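>>> Give me a 3D structure for the following:
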Amino acid sequence: MNTYEKAVIITGAAGGIGQALVTEFSAAGYYVIGIVHKAAPLPTFGVQYVTCDLELTVQNNVYASKIFDQVRSHISKLYLKALINNAAVQILGEVKNLTKKDWKRTLDVNLLAPFFWTQAFLPELESAQGCVLNMSSIHARLTKHSFCAYATSKAALSGMTRALAVDLRGRVRVNAIEPAAIDTDMLRAGFEDNPNGLQQLAAYHPSGALGNPHDLANFARSVVELNGGFLNGAVLGFDGGISGCLSDPDTIKTY
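Numbers count the residues shown, from 1 in each chain. Okay, the predicted model is just below:
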């Protein structure tokens, strides 16, 4: 650890995008603190995992302080260059079926945790001239059936990104990325019973393919490392061109 000078905190580090982010930043010389919800992946040199319940860090101040102190113990002698709020839950359901519990968990993890983690590590980020990167979603702007809770949380996260950049002007940069469909195990699991649907989804992107998680991670690092500080309050698309598509229900099959 003494060979490192800079650190990054990555929430949701056990998922497909999270692991790509861990790999990308570790290879670039960052000491990575990966925040995971359940059992941590196997440790590697320069990567430290912390297991916690992000929802509980919003709801319980005592628990949150304990987790934040644990994270700080790993970066006490390092420059915290970035907090990447990548963790999210995706609870799908029709309007008639979404419960208060569904909404509370969605907003706690997808919106309020990014805020309170930013608040908690603001001194370290400011001291290191670091930044916050929120992993939002194309669902912040364009969504589909049964995504009401998830889409609302991501729209709020993109909005909060802009608001934080204004409030923290000159102190810490805050940006967000809105990816479309990224080729992860989780995405593929949703199409186990409909492999043609996955192919149709990929083809619907003008790029002709799903997003690659490692390409997304590389893009995230470029946003973090961009010098000058002028990229601030930006919400950046990483969507293969799909945000420019107009779906015609008479000609486009649903998936």
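>>> elements contacting the least confident helix or strand in the chain by mean pLDDT?
Every helix and strand in the chain was compared by mean pLDDT, DSSP states H and E; the lowest is helix 185-189, with a mean of 87. The contact analysis (3 or more CB pairs under 8 Å, 6 or more residues apart in numbering; DSSP states H and E) places helix 185-189 against helix 16-27. Every C-beta, even on glycine, is put in place using the N, C-alpha and C of the backbone.
>>> ok, 10 Å please
Packing partners of helix 185-189 (3 or more CB pairs under 10 Å, 6 or more residues apart in numbering; DSSP states H and E): helix 16-27, helix 195-204.
>>> To Thr106, which of those helices lies closest?
helix 16-27 (17.9 Å; CB to CB).
>>> tell me the mean pLDDT for that closest one?
The pLDDT scores in helix 16-27 average 97.
>>> for stretch 126-142, same thing?
97.
>>> what about Ser243, distance to Ala181?
Applying CB to CB, to the nearest Å, the value for Ser243 to Ala181 is 12 Å.
>>> Pull up the overlap in contacts between these two.
Here Ser243 and Ala181 share the contacting residues 138, 205, scored by CB atoms under 10 Å, 6 or more residues apart in numbering.
>>> if we can go back for a sec, as CSV, could you dump the C-alpha coordinates of the least confident helix or strand of the chain?
What follows is helix 185-189, C-alpha atoms only, in CSV (Å, rounded to 0.1, in the frame of the first residue of the first chain):
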residue,chain,number,x,y,z
ASP,A,185,-23.8,-11.1,-16.5
MET,A,186,-26.8,-9.3,-14.8
LEU,A,187,-28.1,-8.0,-18.2
ARG,A,188,-27.7,-11.4,-19.8
ALA,A,189,-29.5,-13.1,-16.9
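>>> I would like the residues contacting the helix or strand hosting Asp102, please.
Assigned by DSSP states H and E, Asp102 falls within helix 100-107. Contact with helix 100-107 is made by 54-55, 58-59, 88-93, 98-99, 112-113, 148-154, 156-157, as judged by CB under 10 Å, 6+ apart.
>>> Among those, name the ones in helices.
Counted as lying in helices by DSSP state H, out of those, are 54-55, 58-59, 113, 148-154, 156-157.
>>> Now list the buried members of those residues.
54-55, 58, 113, 148-154, 156-157 (16 or more other CB atoms under 10 Å).
>>> My guess is Glu55 contacts Val109. True?
Yes: under the criterion of CB atoms under 10 Å, Glu55 makes contact with Val109 at 5.4 Å.
>>> any residues in contact with both of the two?
Taking CB under 10 Å, 6+ apart as the contact rule, Glu55 and Val109 both touch 37, 87, 89.
>>> closest to Ala165 among the ones in helices among the contacts of helix 100-107?
Nearest member of those to Ala165, counting by CB to CB, is Leu157, at 12.9 Å.
>>> What sits closest to the closest one if chain neighbours are left out?
In space, Leu157 comes closest to Ser136 once its chain neighbours are excluded; the distance is 4.8 Å by CB to CB, 6 or more residues apart in numbering.
>>> residue nearest the centroid of the chain?
Most central in the chain under CA atoms, centre = their mean is Asn86, positioned 2.0 Å from the mean C-alpha point.
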